[in-house]
Structures are given as C-alpha cells and as structure tokens.
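*Asks:* What follows is a predicted protein model with its sequence.
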Amino acid sequence: MPLTLLPLPAAEVLLDAAFLAPAEADVLLTELTASVAWRQEPIKLFGKQVMQPRLTAWYGDPAATYRYSGLQLEPLPWLPILQNLRERVEAAAGTRFNSVLLNLYRSGQDSMGYHADNEPELGLAPAIASLTLGATRTFRFKPRPTITAAALSLPLTSGSLLLMRGPTQQNWLHSLPKTARPVGPRLNLTFRWVDRA
Ligand SMILES: O=C(O)CCC(=O)C(=O)O
Ligand SMILES: [Fe+2]
C-alpha cells in the first residue's frame, strides 16, 4: 500500500495503514521487545525529576547524537533487524534516516504528552517516519498557535507507517494519550535524520 496524504492543513502527514503485514509486525514486536536495550529515563517535569511513562532506546549512526526532553542520547549501533527496517522505511519515505528512537508503551498507562519534534538537530522541516507494532493506540494532533485548525485523532494499527514532514512540526503538536481500555504493549519506532548540533 502507498503512503496517503491526510487532510491536515499546514502540514504534510502521510499514512500507510498496511506498510507491514500483521504477521510480520507480530514477529518484529516479539523480537524487538526482547533484543532492544530498553531503558526508563528520568525527565524534568515542572522542575521535578520523574520517570518517563514508557521505555525508550536510541539506535543510529555514530554521528547522530541527540538531545531529547533534556537528555543527551548517544546512539547504540544498528541491530540487523533495525537496519533492515531502516532501509525499507527509507525506500517508502524517499528520505534517508540516520537514527531511530524506539518507544515501548507497556500498557494503556504508558503514554507520551503533547510535543513537537522540533529539537535544533532535527532542522526546520524534519521528515520523521513512525512505525507502529502491537496494540492499536490513538495518536493525536492539535494545532499550535501558528494556525487555526481542528484537532485530529488517528488510530495507529500494527504495521502502520506514519510520515510527518514539511511544516508539520512547526504548526502541530502530537501525543499518544493513556487509555483506560485494556491493551497489550505497543512498540513504536520513529526514524529521524539528526545533524550534529
Ligand atoms: O508513539 C508514537 O506514536 C509517538 C512517538 C513520538 O511522537 C516520538 O517519539 O516523538
Ligand atoms: Fe514525536
């Protein structure tokens, strides 16, 4: 299936709901859950140190160091399984990526708050490709004060590929809210190009 443009103004967001077949997505979820060096990182929230409500890991080329929520992350070297996904995602997106941030949402209680991926090392109009494995969770977009537009909620299913590029990060925030529904784990990979700051 091809990537299809979503109706989000002042943005460029594309979705392929069937980038990976469900059976392959299942296998990848199991393998990556077991083989990735997951960590739970502290973040500063209103001046207080708290733990992020998810597990994360950062893989990439040696040059791709990255600051994220006040953390300085050194990439781990590509696992073969991640390198393979990187090449397939690059082909679909028509863009190179030198790193991937992985997020593991262990249950409906794990989440990510509203943010834009607008750290300086990503550049002004970054292309970010987001692959979902496992549980379907709702991904939310809400407009920044730069524009007037309606919010959008989007269920991301296993094997789906979401591509954000162009002015998306300048004009929109996105989040992955908690859910009270009983859901299994969801693993998300966001491929990025990071320039040395
Ligand atoms: O889990 C998701 O779908 C979103 C991840 C995300 O926004 C990020 O890693 O910056
Ligand atoms: Fe993000």
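*Replies:* Noted; the coordinates are in hand. Numbering: from 1, shown residues only. Ligands and ions are numbered 1, 2, ... in the order given.
*Asks:* Under a three-state scheme, what state does the closest residue to ligand 1 within the chain occupy?
*Replies:* Using CB to the nearest ligand atom, the closest approach of the chain to ligand 1 is made by residue 188 at 3.5 Å. Bear in mind the C-beta positions are built from the backbone N, C-alpha and C, glycine included. Three-state call for residue 188 (DSSP: H, G, I helix; E, B strand; the rest coil): strand.
*Asks:* quick one, what contacts the spatially closest residue to it that is not a sequence neighbour?
*Replies:* Of all residues not flanking residue 188 in the chain, residue 103 sits nearest, at 4.5 Å (CB to CB, 6 or more residues apart in numbering). Contact analysis of residue 103 by CB atoms under 8 Å, 6 or more residues apart in numbering lists 54, 55, 56, 112, 187, 188, 189, 190.
*Asks:* pLDDT value on residue 103, please?
*Replies:* pLDDT recorded at residue 103 is 98.
*Asks:* Helix or strand: which one has it?
*Replies:* When elements are defined using DSSP states H and E, residue 103 is found to belong to strand 99-105.
*Asks:* Are that strand and ligand 1 in contact anywhere?
*Replies:* Yes - using CB under 6 Å from any ligand atom, strand 99-105 comes into contact with ligand 1 via 101, 103.
*Asks:* Show me which residues of the protein sit near ligand 1.
*Replies:* 101, 103, 112, 117, 130, 139, 174, 176, 188, 190.
*Asks:* so the third one makes contact with residue 186?
*Replies:* In this case it means residue 112. No - judged on CB atoms under 8 Å, residue 112 makes no contact with residue 186 at a distance of 10.8 Å.
*Asks:* Neighbour count: these two, which is higher?
*Replies:* residue 186 (23 against 20; other CB atoms under 10 Å).
*Asks:* dump the residue contacts of that one.
*Replies:* 104, 105, 132, 133, 134, 135, 136, 137.
*Asks:* now residue 112
*Replies:* 53, 54, 103, 175, 176 are the contacts of residue 112 under CB under 8 Å, 6+ apart.
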